[in-house]
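A.B. asks: A structural model of the following input is requested.
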Amino acid sequence: QVRLVDSGGGSVQGGGSLRLSCAGSGLTFGVLAMAWFRQAPGKEREFVAVISRSSDSTYYADSVQGRFTISRDNDKKMVYLQMNSLKPEDTAVYFCAAGSGVAANEERYDYWGLGTQVTVSS
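C.D. replies: Numbering: from 1, shown residues only. Model prediction:
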């Protein structure tokens, strides 16, 4: 059974940092691209960041470029999202996702975590 378990969310003041984690099981982690998406209240889910299977490529949404860093550890089947300089507009449920290729389109991802809430206060 494929599972992605995302964690690490919480409440933080603007300017603060959080590190999200996503643990994979039941899948060949090392051959999959891994991504983070987020969904704010009343808004559609949006792309945040993606990392290729070998970590040689990463891409970010313009809104988080320079503040967020995606990384992975294939031996541990983990993917991370380090979020710095957080802003209130970063408030959302964050989801990790696994797919066959690097993409910003959520339809390209086959497996999803249940999400972890991030709340940034001003």
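A.B. asks: just for this structure, where's the confidence low?
C.D. replies: Along the chain, no part satisfies pLDDT under 70.
A.B. asks: Within the helices and strands, which one has the residue nearest the centre of the chain?
C.D. replies: Nearest to the centroid of the C-alpha atoms of the chain, with distances taken as C-alpha atoms, centre = their mean, sits residue 36, at 2.4 Å. In this structure, residue 36 is located in strand 33-39 according to DSSP states H and E.
A.B. asks: same check, this time on residue 69
C.D. replies: Under DSSP H and E, the secondary-structure element containing residue 69 is strand 68-73.
A.B. asks: From the contact counts, what lies against that strand?
C.D. replies: In terms of contacts (3 or more C-beta pairs under 8 Å, 6 or more residues apart in numbering; DSSP states H and E), strand 68-73 is packed against strand 33-39, strand 46-51, strand 58-60, strand 78-83. Any C-beta I mention is one placed from the backbone N, CA and C, and that applies to glycine too.
A.B. asks: The first one packs against which elements?
C.D. replies: Packed against strand 33-39 by the contact rule (3+ C-beta pairs under 8 Å, 6+ apart) you find strand 18-25, strand 46-51, strand 68-73, strand 78-83, strand 92-99.
A.B. asks: among these, which is nearest residue 117?
C.D. replies: Minimum separation from residue 117 across the helices and strands packed on strand 33-39 (C-beta to C-beta) falls at strand 92-99, 5.4 Å.
A.B. asks: Return the residues in contact with residue 36.
C.D. replies: Residue 36 makes contacts with 20, 22, 48, 49, 50, 70, 79, 81, 94, 95, 96, 97, as judged by C-beta atoms under 8 Å, 6 or more residues apart in numbering.
A.B. asks: Cool, thanks, talk later.
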